[in-house]
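A.B. asks: generate a structure from the sequence data that follows.
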Amino acid sequence: MRLSTSVPQLLNTSNFNPTSTLVMIKTQLFRPQLGLSLWKVLAAVIAVLLAVILLGPVNAFGPDTPTPRQAPPTTLNELDPWLAKSESVFKDLRPGTAKGIVWAEGEKRKTAWSVVYIHGFSATRLETAPVADQVAKALGANLFYTRLSGHGLNGEAMGQATAQDWMADTLEAIQIGQTLGDKVLVISCSTGSTLSSWLGTTAQADQVNAFVFISPNFGLKNKMSELINGPWGKQIAYAVSGETISYEQTDPREAVAWTGSYPTKALFPMMALVKKVRDSDLSAFKKPLLVLYSAADQTVDPENIKQAFASMGSTQKTIDAVVYSHSKGQHVLAGEIRDPESVEPMATSIVKWTTSLSHP
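C.D. replies: Next comes the predicted model:
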């Protein structure tokens with residue numbers, strides 16, 4: 001189908017009349033047969049565009065299995081040298097951030113409880129310290145601090161880690177916890193709690209006796225972040241943030257505890273993990289659980305926390321809104337760096353809850 005008057009004819013300067021030309025075009029375009037064809041073409045174009053958008057590349061989670069890794073030793077005296085050797089590979093590891101054990105009473109013996117701490121995204125063991133130390137001391141427990149892959153190093157290392165690496169770190173931490181104590185208490189913060197949630201829905205959950213989540217990450221406060229997991233999400237993230245994400249760190253202690261500049265692609269496994277866990281069957285999470293969060297959290301969405309908590313299948317679960325913290329941003333609610341005054345009340349609440357469990 002074509003217009004009865006050609007474009008060259010319409011634009012012939014010798015007889016061109018704007019008014020008559022517009023009338024002619026309008027008449028031709030709205031002829032019933034031509035209009036129907038144009039609508040078909042338009043519908044086809046829209047369908048193609050929707051397909052391109054909806055079928056675009058997504059931020060895939062990857063394999064459901066952790067990265068294969070050598071199991072840690074199960075003999076107490078072998079743990080320290082094994083950890084020191086494995087961490088010595090990372091020459092630019094920031095001081096105080098390496099994996100390590102804090103032995104109860106300074107003695108290398110198995111204790112009734114062991115405490116395992118799993119930190120959050122871009123953070124290290126220093127983020128809430130010494131909360132876990134105080135809990136372990138009160139329980140007479142050995143304490144293991146893990147370090148998630150890519151963390152405690154330069155920013156580029158953050159962009160090389162995968163969710164599967166972090167899953168392997170989590171399993172390794174639990175295995176060490178089992179060696180250190182008869183019962184294992186896992187304390188985690190933010191994305192560390194996302195990993196703990198994953199663990200709690202697997203067969204390996206039987207290796208843990210109780211979980212404590214501090215400001216668990218089941219979705220970021222900024223909902224634009226959810227675009228990362230949708231079609232073309234990675235491309236959108238690069239368009240918005242560029243190749244690198246950086247934020248100012250005015251406290252030199254923060255520059256040690258957190259990685260303040262890292263590749264944008266480091267967000268992708270974290271967001272894929274969040275979606276994976278949030279969409280999983282959380283009713284399979286049966287272990288005792290204490291959740292500590294702030295309704296004013298500016299990093300993660302408190303509503304996502306409450307929804308995930310409601311879905312957990314544990315028969316011994318408690319959720320407490322923390323009101324004593326004065327931490328800026330209300331995400332890392334306690335710790336020597338962000339809010340030292342909240343360390344004692346948080347540690348006390350965790351110990352009280354743990355010792356009150358009927359069948360940990």
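
A.B. asks: model confidence over stretch 243-254, on average?
C.D. replies: The pLDDT scores in stretch 243-254 average 94.

A.B. asks: correction: the previous question concerned stretch 271-288.
C.D. replies: 98.

A.B. asks: neighbouring contacts of it?
C.D. replies: 59-62, 163, 166, 191, 194-195, 197-198, 200-201, 205, 208-211, 217-220, 225-226, 228-229, 233, 304, 308, 311-317, 357, 360 (Cβ atoms under 8 Å, 6 or more residues apart in numbering). C-betas here are computed from N, CA, C, even on glycine.

A.B. asks: run the chain-centre distance for that stretch.
C.D. replies: On the basis of Cα atoms, centre = their mean, to the nearest Å, stretch 271-288 sits 12 Å off its chain's mean C-alpha point.

A.B. asks: try stretch 190-210
C.D. replies: On Cα atoms, centre = their mean, the centre of stretch 190-210 falls 14 Å from the chain's centre.

A.B. asks: partner strands of the helix or strand hosting Val184, parallel or antiparallel?
C.D. replies: For Val184, the element it lies in under DSSP states H and E is strand 181-189. According to DSSP bridges, strand 181-189 has the following sheet partners: strand 111-118 (parallel), strand 210-214 (parallel).

A.B. asks: buried set for that strand?
C.D. replies: Within strand 181-189, the residues that count as buried by 16 or more other Cβ atoms under 10 Å are Gly181, Lys183, Val184, Leu185, Val186, Ile187, Ser188, Cys189.

A.B. asks: thinking again about what came up before, deepest of the strands paired with strand 181-189, which one?
C.D. replies: Across the strands paired with strand 181-189, averaging neighbours per residue (mean count of other Cβ atoms under 10 Å) puts strand 210-214 on top, at a mean of 27.

A.B. asks: moving along the chain from that strand, name the first helix or strand you hit.
C.D. replies: Beyond strand 210-214 toward the C-terminal end (DSSP H and E), the next one is helix 233-241.

A.B. asks: then stretch 173-180 to CSV, C-alphas only?
C.D. replies: These are the backbone C-alpha positions of stretch 173-180, laid out as CSV (Å, rounded to 0.1, in the frame of the first residue of the first chain):
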residue,chain,number,x,y,z
ALA,A,173,33.0,-21.0,58.5
ILE,A,174,30.4,-23.4,59.7
GLN,A,175,32.8,-26.4,59.5
ILE,A,176,35.3,-24.5,61.6
GLY,A,177,32.6,-23.6,64.0
GLN,A,178,31.8,-27.2,64.4
THR,A,179,35.4,-28.0,65.2
LEU,A,180,35.5,-25.2,67.8
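
A.B. asks: what mean pLDDT does stretch 229-238 get?
C.D. replies: Here the average pLDDT along stretch 229-238 is 94.

A.B. asks: and that stretch, end to end?
C.D. replies: One end of stretch 229-238 sits 13 Å from the other (Cα to Cα, to the nearest Å).

A.B. asks: roughly how far is that stretch from the heart of the chain?
C.D. replies: The answer for stretch 229-238 is 16 Å, by Cα atoms, centre = their mean.

A.B. asks: residues in contact with that stretch?
C.D. replies: 53-59, 227-228, 264-265, 267-268, 271-272, 275.

A.B. asks: 10 Å instead, please
C.D. replies: With Cβ atoms under 10 Å, 6 or more residues apart in numbering as the test, stretch 229-238 has contacts from 52-61, 224-228, 239, 245, 264-265, 267-268, 271-272, 274-276, 279.

A.B. asks: hang on, isn't Ile337 packed against Val131?
C.D. replies: No. Between Ile337 and Val131 there is no contact under Cβ atoms under 10 Å: 11.5 Å.

A.B. asks: comparing these two, which residue is more hemmed in?
C.D. replies: For the pair Ile337 and Val131, the greater number of neighbours falls to Val131 (25 against 18), based on other Cβ atoms under 10 Å.
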